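> with the sequence up front, the predicted model follows.
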Amino acid sequence: MPQLSEYEKAIRNYAWRLFIKQSGTYLILAVGAVTMFAPFLWMLVTSFKLSGDVFSYQKPWWFDWVPTSFAWENYVKAWKVVPFARFYLNSIFVVAVTTAGQVTTSALSAYAFARLQFPGRDKLFFAYLATMMVPGAVTMIPVFILLQYLGWIDSYKAVILPGMFTAYGTFMLRQFFLTLPRELEDAAKIDGCGYFGIFWNIILPLSKPALATLTTFVFMGCWMNFMWPLVVLNSHEKFTLPVGLAYFQSLHSTDWTLLMAGSVMMILPILLLFIFNQRYFVEGIKLSGIKG
Amino acid sequence: MMTKWQLKDSTKETIAGYGFLLPNFIGFLLFTSLPVVASLLLSFMKVDLISTPKLFRFVWLDNFNQLFKDPYFWKYCWNTVVLMLAVPFSMAGSLFLALLLNQKLKGIVFFRTIYFLPTICSGVAIYVLWKLIYNPEFGIVNTLISKIGLLLHIPLQGPNWLTDEAWAKPALIIMSIWQTVGGYNMILYLAALQGVPRDLYEAAEIDGANSWQKFWAVTWPQISPTTFFIATMSIIGGFQAGFDQAYIMTGGGPNGSTTTIMYYIYNNFYQWQEMGYAAAISWMLFIVIFGITIFQWKFFGKRVHY
């Protein structure tokens, strides 16, 4: 049966080539993953080192990568000596208020732009769109002067308020609201539901994925935000984590184990958020890619 | 009767519309749209906030005249552009990773998560980490270089990455590639690859195309809108980038070699209190970004394959 054996040969050949191709793919992916992950591993290992160990020259190659000591006191010290706990609370407060504020005001205005008819709506929406091109540096200076006139410099208000209203959030949620079917709203209207009732009972529950995506993005951006809090905050006890870490770094630039412990603590919440909210990230990125 | 009711409904809707819009609109007015106008005015002014009373004086085009003659401004523009060398490398890497991940393999989500970590964790913590990574004596990069030297029996020694003028920019570029290669761009490419119609590949296979030919004849033209989108967004972002990492890792040095336009704006605005001059620089930045955006819409928008 020559035909069958040739058929078999073809299958074997195909299977072999598939195996080679897949192994190669996995190999490259693994090398990439190690490159991506190595700095994090090093950060973690360093954060547990005794402060003298970092500088020891006579060390085997694996010394950098395997924890040889568990100096928990680095974390305790970072928490106590540096007012890290304070920075943490400040960041949590600022980020929570900014995120809640931005998602709320964005959802309200997005509903107005997506569903309600009123004079000047499209012109206003165009104005919102137009400002999305403006770099943050342009508005930063006048807002700073405004806050100085109001006497709000070095207050949480100065960090929070400018971040609470963005055109981006409005734009993103409006695009999502436009894709929702209108039938439910029409039915609710007939049942005598008001505009806020429709917004609250129909639009918001249907928009959970978009709201989660926006929340995640705003949270992350705000948690990482460095330049603005650096500019408007002066007193140490009001610093957010990034500003606090930078400040600590400028004072104790050789205290590497402590710095790494601080960095680990700063990254941890974001990491957890990402791992639990991964699909919202991916969807959000695709959503933002579509607009271009 | 009908018209009366309709009129009432539309009035109600108008009130509701403005009501829903109001909270966001007040903030938008105060912190975005009015500041844009104010910043344009400031760019024509000399501002002194330290003296009492505070001084706001129109100097018309003086700031811009000074800007064009300012050698530092042009140097920092150049720095900003050179640092954007990371973009093509990072994009090529993103596409390569996306092509690998776009196969039916197990563990794709795992790899995607790992690759995304540097993007997720961007910010001060990561820059502090990389400052240590680039430490000439005990950072892992130089440790690795000297270990390779030992292996090959040649005395290899890594450079003083962040304090050597020749190496500071490459150091930041390498970090930036590491940070962005598996991030947003890779996810966008992955989405684009999944959107390429299957039958195009089947047609190419019938014509006897190999993988390489299939990539250039089918994949590359099909994903060109995404490539173009990523490129323009990266350039727009690149012009505004560079402050956080330079502030933490190099302080803009050595000898100003890692100071970007954003850093110069910060220095003028915050360190030297030159509000008017800083506003003028920020408007130059705006004009460049505006130009790129218009270019994106007008030219390439039509040329790419949809």
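Cool, the structure landed.

> doesn't A:Ile202 lie inside a strand?
No: under DSSP: H, G, I helix; E, B strand; the rest coil, A:Ile202 sits outside any strand and is assigned helix.

> give me the nearest residue to it, chain neighbours excluded.
A:Leu184 (5.2 Å; CB to CB, 6 or more residues apart in numbering or on different chains). For glycine as for every other residue, the C-beta is placed from the backbone atoms N, C-alpha and C.

> name the element that neighbour belongs to?
If you go by DSSP states H and E, A:Leu184 is part of helix A:183-190.

> ok, back up a step: and for the residue nearest to A:Ile202, the neighbour number?
14 (other CB atoms under 10 Å in any protein chain shown).

> and it, how far is that from A:Asn201?
Distance from A:Leu184 to A:Asn201, counting by CB to CB, to the nearest Å: 9 Å.

> wait, doesn't A:Leu211 sit right on A:Ala100?
No: taking contacts as CB atoms under 8 Å, A:Leu211 lies outside contact range of A:Ala100: 11.4 Å.

> ok, the two, which is more surrounded?
Ranked by neighbour count (other CB under 10 Å), A:Leu211 and A:Ala100 place A:Leu211 first, with 18 against 14.

> for the nearest residue to the more buried one once chain neighbours are set aside, give me its contacts.
Distance criterion CB to CB, 6+ apart; nearest residue to A:Leu211, sequence neighbours excluded, is A:Val103 at 6.3 Å. Listed by CB atoms under 8 Å, 6 or more residues apart in numbering or on different chains, the contact partners of A:Val103 are A:169, A:211, A:214-215, A:218.

> can you rerun that using 10 Å?
A:164, A:169, A:173, A:211-212, A:214-215, A:217-219 (CB atoms under 10 Å, 6 or more residues apart in numbering or on different chains).

> just flag the most distant two among the residues you listed.
Within these, A:Met164 and A:Ala212 form the most distant pair, 18.6 Å apart (CB to CB).

> quick one, what contacts the residue of chain A found nearest chain B?
Residue nearest to chain B within chain A: A:Phe165 (2.6 Å; CB to the nearest CB). A:Phe165 makes contacts with A:101-102, A:105-106, A:109, B:23-32, as judged by CB under 10 Å, 6+ apart.

> SS state for it?
Put simply, A:Phe165 is coil when judged by three-state DSSP.

> per-residue confidence at it?
For A:Phe165, the pLDDT comes out at 89.

> can you check B:Leu285 too?
Note for B:Leu285: predicted pLDDT of 93.

> what strand or helix carries the residue nearest to A:Leu211?
Counting by DSSP H and E, A:Val103 is found in helix A:84-115.

> avg pLDDT for that helix?
Computed over helix A:84-115, the average pLDDT equals 93.

> for the contacts of A:Val103, which one is nearest B:Leu100?
A:Phe217 (26.5 Å).

> give me the buried positions along the helix or strand containing the closest one.
Secondary structure from DSSP H and E places A:Phe217 in helix A:208-224. By neighbour count on 16 or more other CB atoms under 10 Å in any protein chain shown, the buried set for helix A:208-224 is A:210-224.

> likewise stretch B:23-34?
Buried residues in stretch B:23-34 (16+ other CB under 10 Å): B:23-25, B:27-28, B:31-33.

> among these, which are in reach of chain A?
B:23-25, B:27-28, B:31-33 (CB under 10 Å from any CB of the partner chain).

> cross these against helices and list the overlap.
Among those, the ones falling in helices (DSSP state H) are B:23-25, B:27-28.

> tell me which residues touch the residue nearest to B:Ala246 when sequence neighbours are not counted, please.
In this structure, B:Ala246 finds its nearest non-sequential neighbour in B:Thr258, 4.6 Å apart by CB to CB, 6+ apart. Going by CB under 10 Å, 6+ apart, B:Thr258 touches B:76, B:79, B:82-83, B:162, B:165, B:168-169, B:171-172, B:242, B:245-247, B:249-252.

> can you confirm B:Thr258 is in a helix?
No: using three-state DSSP, the assignment for B:Thr258 is coil, not a helix.

> what distance do you get for it to B:Thr119?
B:Thr258 is 21 Å from B:Thr119, by CB to CB.

> hang on, the earlier thing: contacting residues around the residue nearest to A:Ile202?
Applying CB under 10 Å, 6+ apart, the residues near A:Leu184 are A:198, A:201-203, A:206.

> so for the chain, the centremost residue is which one?
Picked chain A for this. A:Met220 (2.4 Å; CA atoms, centre = their mean).

> switch to chain B, that's the one I care about
Nearest to the geometric centre of chain B sits B:Gly237, at 2.5 Å (CA atoms, centre = their mean).

> correct me, but that residue touches B:Val87?
Yes: B:Gly237 lies in contact with B:Val87 (CB atoms under 10 Å); the separation is 9.0 Å.

> can you list residues touching both of these two?
B:Thr180.

> before we move on, back to that, can you list the buried residues in the helix holding A:Leu184?
Quick answer for helix A:183-190 (16+ other CB under 10 Å): A:Glu185.

> again, but for stretch A:156-173
A:156, A:158-173.

> ends of that stretch, how far apart?
Stretch A:156-173 has an end-to-end distance of 27 Å (CA to CA, to the nearest Å).

> same deal with stretch B:38-52?
21 Å.

> buried set for it?
B:38-40, B:42-48.

> repeat for stretch B:284-300
B:284-286, B:288-290, B:292, B:296.

> what's the longest helix in chain A?
Counting by DSSP H, the longest helix found in chain A is helix A:2-47.

> which SSE is immediately downstream of that helix?
The C-terminal neighbour of helix A:2-47 among helices and strands, as given by DSSP H and E, is helix A:73-80.

> which other helices and strands contact that following helix?
Taking 3 or more CB pairs under 10 Å, 6 or more residues apart in numbering or on different chains; DSSP states H and E as contact, the helices and strands that helix A:73-80 lies on are helix A:2-47, helix A:84-115, helix A:256-276.

> what mean pLDDT would you report for that helix?
Mean predicted confidence for helix A:73-80 is 82.

> burial of A:Ser5, as a residue count?
Neighbours of A:Ser5 (other CB under 10 Å): 9.

> quick check: pLDDT value at residue 179.
By default, I'm working from chain A. pLDDT for A:Thr179: 87.

> to clarify, I was referring to chain B.
93.

> for it, what are its contacts?
Per CB under 10 Å, 6+ apart, neighbours of B:Gln179: A:36, B:86, B:90, B:117-119, B:121-122, B:126-127, B:130, B:245.

> same question for A:Phe118.
The contact partners of A:Phe118, taken as CB under 10 Å, 6+ apart, are A:112, A:124, B:10-11, B:13-21.

> repeat that for A:Cys222.
A:Cys222 is in contact with A:91, A:94-99, A:102, A:159-160, A:163-164, A:228-229, A:240, counting by CB under 10 Å, 6+ apart.

> the buried residues of stretch B:23-34: which two are farthest apart?
B:Pro23 and B:Ser33, at 15.1 Å, using CB to CB across those.

> which residues are contacting stretch A:83-96?
A:75, A:77-79, A:156, A:159-160, A:163, A:218-225, A:229, A:233, A:236-245, A:247-248, A:258, A:261-262, A:265-266, A:269.
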